[in-house]
Each structure stands twice: as structure tokens, then as C-alpha cells.
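Participant: Just need the structure, nothing else, for what follows:
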Amino acid sequence: MASVLKGNWCQQLQLLVTCTGDSIIIVIIIIIIIIIIIIIIIKGDVTVLWNQAVHTDREVTANRPDIIIKNKREKTCTLIDVAIPADRNVVQKEAEKKLKYKSLCIEIQRMWNLKCTIIPVIIGATGIVTRSLRKNLEAVLGKYSIDSLQKTAILGTSHIIRKVLQCEA
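Facilitator: Numbering: from 1, shown residues only. Sure, this is the predicted structure:
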């Protein structure tokens, strides 16, 4: 097996493992946003922002989470960031996301006077999830099937692998 994984093909697979999540992340973000928007239509007083930087008085390097949910009625703000890392980095990536947006969360609490929470949605390239994912998703408006999010990640990974293998043939 080791003799088969040589040269350019092996480098592409190694690159694939580190970069798998880009297109899959977009799909998962869209799923979450659609569910949130449906609930907003029902509840009202909620603003959903995605792919937007938060402008703060102080300089914050990480100011663009994937999804921002501002609930004016409950005076809360939720920062959601999605990642699809290699399976061995799932727990590390979750801690990294929480730490990355901590300063932005503090600035939002100070500027907007809203209670801010950070929710990392981390699913490994082959569907591995952290123990806290279920609890994290319960904090977001709507009901989410972890199974369907895992399926999306796995199908996206298999699609990328298929494309890489076809290029080599």
C-alpha cells in the first residue's frame, strides 16, 4: 500500500485532508441559515448576518464569524463558526474557534449590550463530531439533525476524493 501512495498523488491526498472542508462548510452554513430564517419568519425581532465583518471600536483580528444571530427581544447574540477539519483535529479546532472569537464576543457585549455566546460547529471530514456538538446545536434556534450534518460532510469529502482520483487517472 505504501508503494502506491508515492509522488504527486500522495501530496494531493495530503493536501485534500487539510483542505477538505471549504465547499462542505458552505453547504452546512446554508443548511443552518435556512433553518434559522424559517424560525425568524415565525418569531421576528431576530437578525441573521452571514459573511459580514463586525466593526468594533477596538481592533479585533477575528471579526467575521460564519453566522451572527442577534435576538433583540432576548438581548442575545450568537456567533456560529463552522469547520470541517481532518478527524484528528476536531477537538483542537473547537477550542481554537472558541478562543479565536472570544475578543469579538467581549466587544459585542460592550458595544451592543447583548449577552454573547460562541458556538463552534465542528464536524470531521469523515463525520466525527465532538461530544459538545449536540449541546452547541441546542443553543441555536431550530432543530438540527447531527446525522444529516455528518452525511453532508461525508458526501462532500467523498466528492472531493472522487475528483482528485479522476484527475490522476
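
Participant: Contact partners for Leu133?
Facilitator: By C-beta atoms under 8 Å, 6 or more residues apart in numbering, Leu133 lies in contact with Val121, Ile122, Ile123, Ile146. No exception for glycine: its C-beta is placed from N, CA and C like everyone else's.

Participant: Show me what the residue most central in space within the chain is bridged to.
Facilitator: Centroid check for the chain by C-alpha atoms, centre = their mean gives Val82 as the closest residue, at 0.3 Å. In this entry, Val82 is beta-bridged to Val121, by DSSP bridges.

Participant: isn't it right next to Ile29, touching?
Facilitator: Yes: using C-beta atoms under 8 Å, Val82 is in contact with Ile29, at 5.4 Å.

Participant: Name the residues contacting each of the two.
Facilitator: Asp66, Ile67.

Participant: Show me the strands in the protein, by range?
Facilitator: Ranges of strands within the chain are 46-50, 67-71, 76-83, 115-122, based on DSSP state E.

Participant: most tightly surrounded among these?
Facilitator: strand 76-83 (a mean of 23; mean count of other C-beta atoms under 10 Å).

Participant: Mean confidence (pLDDT) on it, please.
Facilitator: Strand 76-83 shows a mean pLDDT of 91.

Participant: Low-confidence regions, this structure specifically.
Facilitator: Within the chain, the stretches falling below the threshold (pLDDT under 70) are 1-24, 26-27, 30, 34, 37-44, 141, 168-169.

Participant: Could you work out which of the strands of the chain reaches nearest to Val91?
Facilitator: Among those, strand 115-122 comes nearest to Val91, with 8.2 Å by C-beta to C-beta.
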